[in-house]
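What would the 3D arrangement of this be:
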Amino acid sequence: MKKLLIFIFCSLILTACEDEPEVDFNFPDDIINKGIKFGPSYDVKTLYFNASRKSEPKVSVEEITHTYEEWLSTQCYYDDGKWILRIAVSGNDKNSDRRGYVNLKVGKSMTKITVIQKFDNITIQTQPQILPNTGGELKIRFISAEKPKVAINYPAQSNSTWCSLGEITEVDEDTYEVPVSYKENTTYGRIAKLWITTGRDNKGFTIVQRPKQFDESEIIKTDPKGGSLPIALGYTGDKSGFELSDINNIHRIKHLTIEGGINEFDLDVLRLFTKYERFPVTLDLSKATFLRNYINPYESFGYTPPKVEFDGLMMADNYIPSQMFYFAQGLVKCILPENTIGIGSRAFYSTSLTRIDIPASVVQIDEHAFRGNYSLKEINIDKSSRLEELNLTALSTSKPVKAIYLPSTITHGSPNTNSLVIKTNKLYLDKTEIPEWRVSWNTVDTLYVPDEKLIEVFKADPQWGNIPVILAWPEDWKSTPWGGDE
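Numbers count the residues shown, from 1 in each chain. Next up is the predicted model:
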């Protein structure tokens, strides 16, 4: 009897299953054909299907990748006259997509749903976008697994919010676009960065706007630590990418004043500015400071200044770099920083300078600092100068200058020869006794000493005595601030 009852029960179950109609899940075609795609964050998607309330849907998951993470889960229940299938994924913090399946069976009806979860990755171009100085709109397109947030950042010293963001739109699968409006630029070059952020990733997009059309005279205040001059002047290309219009705009400037820091990143554009004889310029650096550092104030903005012109050496802070204006044939006048302590080798080699004033703060001048300057007439050393060391050819020029003053603070000339090569009509020497170093006598026409009593002392010296004329300082010369002839 017991066996009979079991047989009847099983037969009823089989009959019920055979009688249950096939289920049309009626899921959207995209889900059937392509599956469900999730972004990298935790998410739940809900599907609905019609079946008898007495049905007992069977749901299982297959994790094809990242199987050890148990990242895919489901829940199936009946509510309000329909069956509900909830598919959930945990956050994907890996560097690859996840793939899996959800298997759904109701009676004799079955379907398999592909599940793809993107990893958190934003793709966008890495080269800075250079904008014109006119106003306009830029559309930035990028790839992201989910709709991100966007924001604009500006440098700390910026006092202008010149960009505004429009609404993000999805223009294709996983491809988004955001419009950026920008204002006309009536000042110097500027930079901003568009940040695109999702749950676990963020990428930046650098935006640089060209400066205004320059006037003949410009004053630029730079970052105190240096590095901001290239952006300010619109010097943003490389050997293959400079726009001729950018270079021509820089060369519109005839008189440039720089106030603030000048570091290694600024030297290239200074060389470019002073390079060409057909663009004669004056450079006022009196309120500037040379700094031996590689601080890039826009590094976090994804910008690195070009370095194609300058290959000299920054010796120290407040030191004119060696070869700074080497063959800078456009440089006709340069006012040195007030805190300059040294002038590097060949710093002003073969320029178009006619005069150079050496501040009192300078203590050292290296070899060939002014060599090759055929137009240089005056090297004026401040009478309160603290100058100590001159290289053998520190004051050597291609043609004689009108006058040179050597202060009493000079302790020696070239370390090897203890002498100086000077070509001058007049040499004013602030020494009350014969110095340990000497000058090349055949390149000095007249030597001036502080007192008449010293004239015979210097004439009696086997070296200094070879100078043709030795006189005492003129009275009117004593009152001038510079050591040259005013």
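
need the helices for the stretch 151-300 of the chain, in chain order.
In the stretch 151-300 of the chain, the segments counted as helices under DSSP state H, counting those that start in this stretch are 229-233, 244-250, 267-274.

what's the most buried one of those?
The highest mean neighbour count among the helices of the stretch 151-300 of the chain, using mean count of other CB atoms under 10 Å, belongs to helix 229-233: a mean of 26. The way it works is simple: take the backbone N, C-alpha and C, and place the C-beta from them, glycine included.

all helices for the stretch 1-150 of the chain, in order.
The residue ranges that make up the helices of the stretch 1-150 of the chain, judged by DSSP H, counting those that start in this stretch, are 2-19, 29-34.

rank those helices by pLDDT, which is bottom?
Averaged per stretch, pLDDT over those is lowest on helix 2-19, reaching a mean of 51.

surely Tyr154 meets Thr161?
Yes - the pair Tyr154 and Thr161 qualifies as a contact (CB atoms under 8 Å) at a distance of 6.5 Å.

how is this protein carved up into domains?
Domain assignment for the chain by automatic domain parsing gives 20-117, 122-209, 217-478.

average pLDDT for the longest one?
Computed over domain 217-478, the mean pLDDT rounds to 91.

what about it, start to end distance?
By CA to CA, to the nearest Å, the extent of domain 217-478 from end to end equals 35 Å.

likewise stretch 335-352?
End-to-end distance for stretch 335-352, by CA to CA: 14 Å.

most tightly surrounded among the domains of the chain?
domain 217-478 (a mean of 18).

Span of stretch 381-393 from start to end?
16 Å.

for Ala151, what are its contacts?
Ala151 makes contact with Leu165, Leu194, Trp195, Thr197 under the criterion CB atoms under 8 Å, 6 or more residues apart in numbering.

sec struct for Lys459, please.
Using DSSP: H, G, I helix; E, B strand; the rest coil, the structure places Lys459 in helix.

and the gap between the nearest residue to it once chain neighbours are set aside and Phe458?
Nearest-residue entry for Lys459: Gly465, 4.7 Å, with adjacent residues in sequence omitted and distances by CB to CB, 6 or more residues apart in numbering. Here the distance between Gly465 and Phe458 works out to 6 Å (CB to CB, to the nearest Å).

Could you do Glu433 as well?
Applying CB to CB, one obtains 10 Å for the distance of Glu433 from Phe458.

separation between Phe273 and Gly344?
18 Å.

for Gln364, which residues make a bridge with it?
Following DSSP bridges, Gln364 is listed with bridge partners Gly342, Glu389.

Make 816 the starting number, not 1.
Taking 816 as the first residue, the last one we looked at is Gln1179.

Just list the residues touching it, thanks.
For Gln1179, the contacting residues are Ile1156, Gly1157, Ile1158, Leu1202, Glu1203, Glu1204, Leu1205, by CB under 8 Å, 6+ apart.

What is the strand or helix carrying Ile1219 packed up against?
Assignment of secondary structure by DSSP states H and E places Ile1219 within strand 1216-1221. With contacts defined as 3 or more CB pairs under 8 Å, 6 or more residues apart in numbering; DSSP states H and E, the packing partners of strand 1216-1221 are strand 1193-1196, strand 1239-1244.

What does Trp1279 show for phi and psi?
In this entry, Trp1279 is assigned phi and psi values of phi -60, psi -30 (degrees, to the nearest 10).

Please give me every residue in contact with it.
Ile1249, Arg1253, Val1254, Trp1256, Leu1262, Phe1273, Ile1285.

go again using 10 Å as the cut-off
When contacts are counted by CB atoms under 10 Å, 6 or more residues apart in numbering, Trp1279 touches 1244, 1246, 1249-1250, 1253-1254, 1256, 1259, 1262, 1264, 1272-1273, 1285.

biggest separation within these, which pair?
Of all pairs drawn from the contacts of Trp1279, the greatest distance, 16.8 Å, lies between Val1259 and Val1272 (CB to CB).

sorry, back to before: which of the contacts of Gln1179 lies at the shortest distance from Phe1094?
When those are compared for distance to Phe1094, the smallest value, 23.7 Å, is given by Ile1158; criterion: CB to CB.

My read is that the closest one contacts Gln1138, right?
No - taking CB atoms under 10 Å as the definition, Ile1158 is not a contact partner of Gln1138, at 11.4 Å.

Then the residue nearest to Lys1274 would be within a helix, right?
Yes - membership of Gly1280 in a helix is supported by three-state DSSP.

pretty sure Ala1131 contacts Thr1104?
No - with contacts defined as CB under 10 Å, Ala1131 does not count as touching Thr1104, sitting 11.8 Å away.
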